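# Got a predicted structure plus its sequence, pasted below:
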Amino acid sequence: MRLAFITSNPGKVEEARKYFRPLGVEVYQLHFEYPEIQADTLEEVAEYGARWLAKKLDEPFFLDDSGLFIEALKGFPGVYSAYVYRTLGIKGILKLMEGISDRRAYFKSVIAYWDGELHIFTGRVDGEITTEARGKGGFGFDPIFRPAGFDKTFAEMTTEEKNVISHRGRALKAFASWLRENL
Ligand code: IMP
């Protein structure tokens with residue numbers, strides 16, 4: 001079985017392949033722009049995108065939508081993470097967090113899989129926003145996110161280390177185990 005991953009990020013595809021190869025499922029990257037609506041939850045954004053794409057594609061596919069949720073900022077940037085990363089960036093988030101001692105935050109990832117019906121899988125990783133950027137790996141907010149139980153930021157970890165505990169890794173794992181039982 002071949003399964004399209006709708007994304008512009010080849011790194012995400014590589015990550016997904018590891019979970020699906022053992023099932024004999026070949027994941028491939030498909031670039032297809034789709035609307036990302038403004039909504040309160042990642043689930044709504046992912047579901048809208050998947051239902052829109054379902055009208056254009058006649059093969060099974062999935063997409064993912066993720067974000068960083070900071071407790072002291074009432075979940076900001078959350079669904080606006082991509083936009084906030086492009087505008088305020090890491091420096092902007094550190095500035096907003098100046099003087100705030102509660103630094104709890106989490107990343108969440110929502111995968112929407114379409115096979116004629118919609119299936120949603122989620123993953124979350126809890127941690128803290130550091131007081132300075134550390135590390136060169138990863139992408140996005142990785143240099144300022146330290147997962148709970150570790151003394152390194154995501155950007156200081158290898159891709160493998162990050163994937164085992166990351167929000168996306170966890171959502172992919174849930175998706176792969178569902179697929180194993182439902183293929
Ligand atoms: P997207 O859903 O992949 O577009 O992610 C939205 C935004 O959330 C990205 O632009 C990043 O800023 C942030 N983000 C999502 N996942 C990660 C991650 O694993 N590490 C760091 N930032 C992430």
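Yes, it's here. Predicted model only: the values in this text are computed from it and were never measured.

# Could you use CA atoms for every contact and neighbour count after this?
Fine.

# for residue 20, what are its contacts?
Contacts for residue 20 (Cα atoms under 8 Å, 6 or more residues apart in numbering) come out as 26, 27, 176.

# repeat for residue 64
By Cα under 8 Å, 6+ apart, the contact list for residue 64 reads 7, 46, 109, 110, 111, 112.

# who's residue 104 bridged to?
For residue 104, the beta-bridge partners are residue 128 (DSSP bridges).

# quick one: the residue sitting furthest away from the middle of the chain from the ligand, how far?
Distance to the chain centre peaks in the chain at residue 99, reaching 28.1 Å (criterion: Cα atoms, centre = their mean). Separation of residue 99 from the ligand (Cα to the nearest ligand atom, to the nearest Å): 23 Å.

# Residue 79 too?
8 Å.

# give me the beta-bridge partners of the closest residue to residue 43 other than its chain neighbours?
Nearest residue to residue 43, sequence neighbours excluded (Cα to Cα, 6 or more residues apart in numbering): residue 110, at 6.2 Å. Beta-bridge partners of residue 110, counted by DSSP bridges, are residue 65, residue 122.

# what residues are up against residue 110?
Here residue 110 is in contact with 42, 43, 46, 64, 65, 66, 120, 121, 122, 123, 168, 171 (Cα under 8 Å, 6+ apart).

# Same list (those residues) but as JSON lines, adding distance to residue 131 and pLDDT.
Shown next, in JSON lines, are the contacts of residue 110 (distance: Cα to Cα, whole Å; pLDDT from 0 to 100):
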{"residue": "42", "distance to residue 131": "26", "pLDDT": "98"}
{"residue": "43", "distance to residue 131": "30", "pLDDT": "98"}
{"residue": "46", "distance to residue 131": "31", "pLDDT": "98"}
{"residue": "64", "distance to residue 131": "29", "pLDDT": "96"}
{"residue": "65", "distance to residue 131": "26", "pLDDT": "96"}
{"residue": "66", "distance to residue 131": "22", "pLDDT": "95"}
{"residue": "120", "distance to residue 131": "34", "pLDDT": "98"}
{"residue": "121", "distance to residue 131": "31", "pLDDT": "98"}
{"residue": "122", "distance to residue 131": "28", "pLDDT": "98"}
{"residue": "123", "distance to residue 131": "25", "pLDDT": "98"}
{"residue": "168", "distance to residue 131": "24", "pLDDT": "95"}
{"residue": "171", "distance to residue 131": "28", "pLDDT": "98"}
